[in-house]
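Participant: The following block contains a protein sequence and its predicted model.
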Amino acid sequence: MAFLTAHEMERYDRQIRIAEIGKRGQEKLKNARVFIAGAGGLGSPISIYLAAAGVGAIRIVDRERVEASNLNRQILHWNDDIGRAKADSARATLARLNPATRTEAICDTITPENVAQLVAGCDLIVDAMDNLPTRFLLNKTAIEKNIPFFHGAVHGFEGRAMTVIPGKTACLRCMYRGPIPQETFPVIGVATAVIGSIQATEVIKWIAGIGALLENRVMVYDGLAMRFTEFRIQKNPGCDHCADAAEKG
Ligand SMILES: [Zn+2]
């Protein structure tokens, strides 16, 4: 357990003043190891806010290079980064923001073969992907490793988020059972900012052990109507990802 330095007490003063966080919660953040799948629209606000909050270690994985069409939402990457590997650009941005956060940025595709190795040593998995097959892979991996999974997705001005606690809550697979869409979907950056911030908030709360998580409920955001709606999600007793975990839990 690493304790806070005088500099850290100063740096995080405004959030240490939050009664629920305090010095103890800040120490928990410092000792946390977070896995973020994707350095794009969601991965940008998630990694930036978690590094700013003083999370001790972030491992972020993305296989792509920065393109001009990413820049309306992927605020880890700026104009000068076009053509650069997103992993490199993400590492540089996060190091500038908070050099005390150990950032490991990996340029790779997340596959069934490498996922266990990629998430090894991390306390939780954050879903910042743009495709359902990889989201399902991460959901399943989190359940197998018995670590939480923080789901988020955006489309246009809309988005949704939910938190999966293996053995306790419904999982992503319980919620989605339909066909898998394959498309270049429209999205505006402010929608990823809202959903990514909700995911980062959930991560901070889980690490600190405070508040009420998005358990068995999905938060749906409609930026055009400017409305948040919450839906209850029930665990599917026949779920091929989490049914066993439910029996054990
Ligand atoms: Zn499930």
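Facilitator: Alright, I've got the coordinates. Numbers count the residues shown, from 1 in each chain.

Participant: Could you list the contact residues of the chain toward the ion?
Facilitator: Contact residues, the chain versus the ion (Cβ under 5 Å from the ion): 171, 173, 174, 239, 241, 242. For glycine as for every other residue, the C-beta is placed from the backbone atoms N, C-alpha and C.

Participant: can we see that at 6 Å?
Facilitator: Residues of the chain lying close to the ion by Cβ under 6 Å from the ion are 170, 171, 173, 174, 236, 239, 241, 242.

Participant: Number of residues surrounding the second one?
Facilitator: Under the neighbour criterion other Cβ atoms under 10 Å, residue 171 is assigned a count of 27.

Participant: Secondary structure element holding the most centrally placed residue in the chain?
Facilitator: Centre of the chain computed as the mean C-alpha position; nearest residue by Cα atoms, centre = their mean is residue 126, 2.8 Å away. Using DSSP states H and E, residue 126 maps to strand 124-127.

Participant: Next, the residues that contact that strand from outside, please.
Facilitator: For strand 124-127, contacts defined as Cβ atoms under 8 Å, 6 or more residues apart in numbering pick out 32, 34-38, 42-43, 46, 119, 135, 138-139, 141-142, 147-153, 172, 199, 203, 206-207.

Participant: can you give me the helices in the chain?
Facilitator: 6-11, 13-16, 22-30, 43-52, 86-97, 115-119, 132-145, 172-175, 189-208, 243-248 (DSSP state H).

Participant: and among those helices, the most buried is which?
Facilitator: helix 43-52 (a mean of 25; mean count of other Cβ atoms under 10 Å).

Participant: coming back round to it: can you list the helices of the chain in JSON lines and add mean pLDDT and distance to residue 220?
Facilitator: Putting the helices of the chain into JSON lines (pLDDT from 0 to 100; distance: least, Cβ to Cβ, whole Å) gives the following:
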{"stretch": "helix 6-11", "mean pLDDT": "97", "distance to residue 220": "35"}
{"stretch": "helix 13-16", "mean pLDDT": "98", "distance to residue 220": "27"}
{"stretch": "helix 22-30", "mean pLDDT": "98", "distance to residue 220": "28"}
{"stretch": "helix 43-52", "mean pLDDT": "98", "distance to residue 220": "18"}
{"stretch": "helix 86-97", "mean pLDDT": "98", "distance to residue 220": "28"}
{"stretch": "helix 115-119", "mean pLDDT": "98", "distance to residue 220": "27"}
{"stretch": "helix 132-145", "mean pLDDT": "97", "distance to residue 220": "16"}
{"stretch": "helix 172-175", "mean pLDDT": "95", "distance to residue 220": "11"}
{"stretch": "helix 189-208", "mean pLDDT": "98", "distance to residue 220": "10"}
{"stretch": "helix 243-248", "mean pLDDT": "60", "distance to residue 220": "24"}
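
Participant: now the ones you listed as TSV including distance to residue 79?
Facilitator: Shown next, in TSV, are those (distance: least, Cβ to Cβ, whole Å):
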stretch	distance to residue 79
helix 6-11	29
helix 13-16	31
helix 22-30	31
helix 43-52	15
helix 86-97	11
helix 115-119	29
helix 132-145	28
helix 172-175	34
helix 189-208	14
helix 243-248	45
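
Participant: Just grab the bridge partners of the closest residue to residue 106 other than its chain neighbours for me.
Facilitator: Closest residue in space to residue 106, ignoring its immediate chain neighbours: residue 61 at 4.6 Å, by Cβ to Cβ, 6 or more residues apart in numbering. On the basis of DSSP bridges, residue 61 is bridged to residue 37, residue 106.

Participant: Just to check, residue 61 is in contact with residue 87?
Facilitator: Yes. If you go by Cβ atoms under 8 Å, residue 61 and residue 87 touch, sitting 7.2 Å apart.

Participant: Which residues are in contact with each of the two?
Facilitator: Common contacts of residue 61 and residue 87, defined by Cβ under 8 Å, 6+ apart, comprise 39, 105, 106, 107.

Participant: No more questions from me, cheers.
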